[in-house]
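S.K.: Take this sequence and fold it.
(chains A and B)
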Amino acid sequence: GESVGLHLPTLSVQEGDNSIINCAYSNSASDYFIWYKQESGKGPQFIIDIRSNMDKRQGQRVTVLLNKTVKHLSLQIAATQPGDSAVYFCAENFGQGSQGNLIFGKGTKLSVKP
Amino acid sequence: NAGVTQTPKFQVLKTGQSMTLQCAQDMNHEYMSWYRQDPGMGLRLIHYSVGAGITDQGEVPNGYNVSRSTTEDFPLRLLSAAPSQTSVYFCASSPVPAGEKLFFGSGTQLSVL
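M.R.: Numbering: from 1, shown residues only, chains lettered A, B, ... in the order given. Model (predicted):
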């Protein structure tokens, strides 16, 4: 079946720098994408989502970019802080209505150096 | 609101034992689901439900049963535990019919010896 993958399994950045976490998806029918943050020992926490009719969506210090031409999704974190250290998952939904379910990628671990 | 509550947080079973992982949400969400998380595998969907009385299989349903008698509760049953079911289990709910914008519980860490 279709799967969501990540370019980099680990990412280390300096505090204050911007972080970019990438995700590739293979199902061109996917119409919804979402990013989660998971801290050690906790459940995934919603960060931001985007639908396929958009290219960009901004939240507080985070931006998600969607490039449907190359089936690529990215999460940008501005002014990265130590509290941003976590594993980040992207997920896609290519079902319709009640048939849709989120399919998750394997995750990228972000480490922020003080 | 408590959100999504999972119990227990930790459990150790012997091969062949059965048990039920509990999940309850107080957000009146119709959609609920169970995922398992293994190292390097991300989150994989076990079963899901779009409303009371309706359940369906996800990507890895074998060895698990679910039921949805109420909107609030969505228990996951392991029929005969196997070491391959050692994992962290997450329950999630969503305010929309499809599995978008899931709200996750804090997880149950299960070890099968």
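S.K.: which residues in chain A form helices?
M.R.: Using DSSP state H, chain A contains no helices.
S.K.: looking at chain A, which helix or strand is least sure?
M.R.: Scoring the helices and strands of chain A by mean pLDDT, DSSP states H and E places strand A:4-5 at the bottom, with a mean of 50.
S.K.: so where's chain A uncertain?
M.R.: For chain A, the stretches with pLDDT under 70 are A:1-8, A:95-100.
S.K.: what residues does chain B put near chain A?
M.R.: B:4, B:31, B:33, B:35, B:40-45, B:48, B:50, B:58-59, B:90, B:92, B:97-107 (CB under 8 Å from any CB of the partner chain). (C-beta placed from N, C-alpha, C; glycine too.)
S.K.: Buried among the residues you listed? Make that a PyMOL selection.
M.R.: A single PyMOL command is used to select the members of the residues of chain B next to chain A judged buried by 16 or more other CB atoms under 10 Å in any protein chain shown:
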select buried, chain B and resi 4+31+33+35+42+43+44+45+48+50+58+90+92+98+99+100+101+102+103+104+105+107
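S.K.: Mind checking which of the residues of chain B next to chain A land in strands?
M.R.: B:4, B:31, B:33, B:35, B:42-45, B:48, B:50, B:90, B:92, B:103-104 (DSSP state E).
S.K.: The residue nearest to residue A:114 when sequence neighbours are not counted: how many residues sit nearby?
M.R.: Excluding its sequence neighbours, the residue lying closest to residue A:114 (CB to CB, 6 or more residues apart in numbering or on different chains) is residue A:15, at 5.2 Å. Residues near residue A:15, counting by other CB atoms under 10 Å in any protein chain shown, number 13.
S.K.: do residue A:26 as well
M.R.: If you count neighbours by other CB under 10 Å, residue A:26 ends up with 13.
S.K.: So it is in contact with residue A:73, correct?
M.R.: No - using CB atoms under 8 Å, residue A:26 is not in contact with residue A:73, being 11.6 Å away.
S.K.: In contact with residue B:85, which residues?
M.R.: Counting by CB atoms under 8 Å, 6 or more residues apart in numbering or on different chains, residue B:85 touches B:36, B:63, B:78, B:110, B:112.
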